[in-house]
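Asker: Generate a structure from the sequence data that follows.
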Amino acid sequence: MNINKFKENSVFILSLFLTLVFIVWGAFFTDNLTLVTNAVYNGSIDYLGWVYLGSTLFFVIFSIYLLFSKYGNIRLGRKNEEPDFSTGSWLAMLFGAGMGIGIVYWSVAEPVTHYTTPPYGKGFTVDAADTAMKFTFFHWGLHPWAIYTVIGLALAFFQYNKRLPASISSAFYPILGDKIYGPIGKTIDILSIFATVFGIATSLGLGAMQITSGMHAIFGIPDSLLIQLVVIIVGTVLFIISINTGLERGIKYLSNAAIILSLVIMVLILFVGPALTVIKVFFHTTGLYISDFLHMSLRLNPFGGGEWIASWTLFYWAWWIAWAPFVGMFIARVSKGRTIREFVVGVLIFPTLGTCLWMSVFGGSALEIVQAAGNHELAKQIAENVNLSIFTFFDRLPLSSLLSIIGFAVIAIYYITVADTATFVLGMLSEGGTLNPSNKIKMTWGVIQSAVAAVLLIAGGLDVLQTASIAAALPFAIILVFMCFSLLKGLESEIEIYRGKKRSVQHS
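Answerer: As a prediction, this is how the structure comes out:
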């Protein structure tokens, strides 16, 4: 390969090389990787946890500021450009990419776990149930969606309004200028690809474990490593087929199907479950969430008892930041034609409400059931086996078989959707920011991320990989803060251009 060809493909080649090195490290030297990643992760959480708290709260404040600012009417793209997707499909795609499997995976397990071992107070009490739902709203509400709002909006603005490549480095043009095309910009893009591959591979591994648990619960199929690997192989074949149908068909149809099935299962639970409790939980917990928002956002417990915060809140904030390059890039890709105000409402406000409603339906119903059971064993069973938690919950409801089958379908579709959107984003980043990457590159990344998940499942290294992905989130949190200031500079220049054109028209 000549030097010019290498320079042209350097982001793809170096990203692929680093990925393969990490696969070998995780597969053959798992103990060493565990030692290193745990040291980095624990150090970042213990000494710099305040960076995660401060930056994520800043992203919420910054996003709300943009919603009401003078920049709200700026359109992502040309002045009269229409959106590429209907509002329903747009919301479905960004919700599937932003939460996907995670919201199904934790919707029962997290509230019940907090109910058994709350961050403060005694477990298995009414106060513990309130606290459990409040922190579940907190972990899945405004903060993660604000992270996605910031990076998605910055990427969309510089792609469509400044005509820069669809890459993470483009968002820093007002700060770096043409250096985004040099080593600094390429380094940012390589790190973004690296974080995306391993963040998605972890989700695919966890998703395969939950799908296998569901198959065992519904069909009696053995819950074994072999079946998990078969799930990954079958899932890979399915999302590669979807890849070849394009963004306007494959991902859009899958996202719409996932949202429709999710709504069906929510309605069914409301119909057969404690509907009145769910309504009360939604309103009551929303009040608790709003009233304690600042306290939870900055809570560190410096004089002791911070272990819970480290293992839950800080873990989540780091995890959302680790996902930010992938989710932000995809949201930017499907948001052309939206105004900034529409974008913030669609990416921050609407998904937060939808997520809190989902958690009220699943978490609120689960807490009602474990309290009605009159013993602590059911709650402990759900909290200790996260993979099976949602199916254990379904078993306690009427129409349990139907709910389990639909729930299984939702998990499977989200699994394929996340893998599909990830390969699309990786293709964009690898091919210099093209909005329509080649199927060859997308398929390459699709196979690689599935291989990473499979290899680390075999090696027992998924926990290590998850820790490594989160440890890498700390520098990216700082990068996102600078991205906000870069976006402000870009938006201000856009306003100046608009004012200049307006003056020209007035004087002509």
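Asker: Over to T339: give its phi and psi.
Answerer: Its backbone dihedrals place T339 at phi -80, psi 160, with angles given as degrees, to the nearest 10.
Asker: my guess is it meets G77, correct?
Answerer: No: using Cβ atoms under 8 Å, T339 is not in contact with G77; the gap is 9.9 Å. Glycine gets a C-beta too; all of them are placed from N, C-alpha and C.
Asker: Which one's more surrounded, these two?
Answerer: G77 (20 against 16; other Cβ atoms under 10 Å).
Asker: For the closest residue to that one other than its chain neighbours, give its distance to I188.
Answerer: In space, and not counting its chain neighbours, G77 is closest to Y160: 4.2 Å by Cβ to Cβ, 6 or more residues apart in numbering. Distance of Y160 to I188, computed by Cβ to Cβ, to the nearest Å: 20 Å.
Asker: OK, contacts around the residue nearest to G77?
Answerer: Going by Cβ atoms under 8 Å, 6 or more residues apart in numbering, Y160 touches 76-77, 81, 336.
Asker: Read off the pLDDT value for it.
Answerer: Y160 is assigned 93 on the pLDDT scale.
Asker: try S508
Answerer: 55.
Asker: Double-check I448 against F194; I have them as touching.
Answerer: No: counting by Cβ under 8 Å, I448 sits too far from F194 to count as a contact (11.7 Å).
Asker: shaky segments in this structure?
Answerer: Along the chain, the parts satisfying pLDDT under 70 run over 1-8, 98, 100, 243-250, 375, 460-462, 465-466, 469, 498-508.
Asker: mind listing the helices for the stretch 401-508 of the chain?
Answerer: 439-459, 462-471, 473-507 (DSSP state H, counting those that start in this stretch).
Asker: now G77, what's its secondary structure?
Answerer: Look at G77: counting by DSSP: H, G, I helix; E, B strand; the rest coil, its state is coil.
Asker: Please report how far it lies from K162.
Answerer: In terms of Cβ to Cβ, G77 sits 11 Å off from K162.
Asker: Same question for I349.
Answerer: 26 Å.
Asker: How many residues are close by L33?
Answerer: 21.
Asker: Mind giving me the packing neighbours of the helix or strand harbouring it?
Answerer: In the assignment (DSSP states H and E), L33 maps to helix 30-68. Secondary-structure packing of helix 30-68 (3 or more Cβ pairs under 8 Å, 6 or more residues apart in numbering; DSSP states H and E): helix 10-28, helix 142-160, helix 293-297, helix 315-333, helix 340-344, helix 462-471, helix 473-507.
Asker: Out of those, flag the one nearest W358.
Answerer: helix 142-160 (13.2 Å; Cβ to Cβ).
Asker: by how many degrees do the closest one and helix 473-507 diverge?
Answerer: 50 degrees (axes from the mean of the first three to the mean of the last three Cα atoms, to 10 degrees).
Asker: and the next helix or strand along the chain from helix 142-160, which residues are buried?
Answerer: Counting by DSSP H and E, the element after helix 142-160 in chain order, helix or strand, is helix 173-176. Within helix 173-176, the residues scored as buried using 16 or more other Cβ atoms under 10 Å are 173-174, 176.
Asker: could you dump those to JSON lines with distance to A109?
Answerer: Shown next, in JSON lines, are those (distance: Cβ to Cβ, whole Å):
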{"residue": "Y173", "distance to A109": "42"}
{"residue": "P174", "distance to A109": "43"}
{"residue": "L176", "distance to A109": "42"}
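Asker: Tell me which of the helices and strands packed on helix 30-68 lies nearest to Y47.
Answerer: Nearest to Y47, of the helices and strands packed on helix 30-68 and by Cβ to Cβ, is helix 473-507 at 10.1 Å.
Asker: got the buried residues for that closest one?
Answerer: Per 16+ other Cβ under 10 Å, helix 473-507 contains these buried residues: 473-474, 476-477, 479-481, 483-484, 486-488, 490-491, 494.
Asker: what does stretch 22-29 give?
Answerer: For stretch 22-29, by 16+ other Cβ under 10 Å, it's 22-23, 25-27.
Asker: could I get those residues as TSV with distance to I184?
Answerer: Conversion of the buried residues of stretch 22-29 to TSV gives the following (distance: Cβ to Cβ, whole Å):
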residue	distance to I184
F22	23
I23	27
W25	26
G26	28
A27	32
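Asker: Pick out whichever of those sits closest to F391.
Answerer: G26 (29.4 Å).
Asker: Just put the helices and strands packed on helix 30-68 in TSV and tack on distance to S404.
Answerer: TSV is the format used below for those (distance: least, Cβ to Cβ, whole Å):
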stretch	distance to S404
helix 10-28	33
helix 142-160	28
helix 293-297	34
helix 315-333	27
helix 340-344	37
helix 462-471	24
helix 473-507	34
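Asker: closest one to S55 among the ones you listed?
Answerer: Set against S55 and scored by Cβ to Cβ, those come closest in helix 473-507, at 4.6 Å.
Asker: ok, back up a step: what residues do I448 and F194 have in common as contacts?
Answerer: With Cβ under 8 Å, 6+ apart, I448 and F194 have common neighbours T19.
Asker: Touching stretch 372-390 from outside, list them.
Answerer: With Cβ under 8 Å, 6+ apart, stretch 372-390 has contacts from 104-109, 112-113, 115-117, 124, 209-210, 212-213, 217, 362, 366, 369-370, 392-393, 396, 407.
Asker: Show me which of those are buried.
Answerer: Buried among the contacts of stretch 372-390 (16+ other Cβ under 10 Å): 104-109, 112-113, 115-116, 124, 209-210, 212-213, 217, 362, 366, 369-370, 392-393, 396, 407.
Asker: now, which of those lie within helices?
Answerer: Cross-referencing the buried ones among the contacts of stretch 372-390 against helices under DSSP state H gives 104-106, 109, 112-113, 115-116, 209-210, 212-213, 217, 366, 369-370, 392-393, 407.
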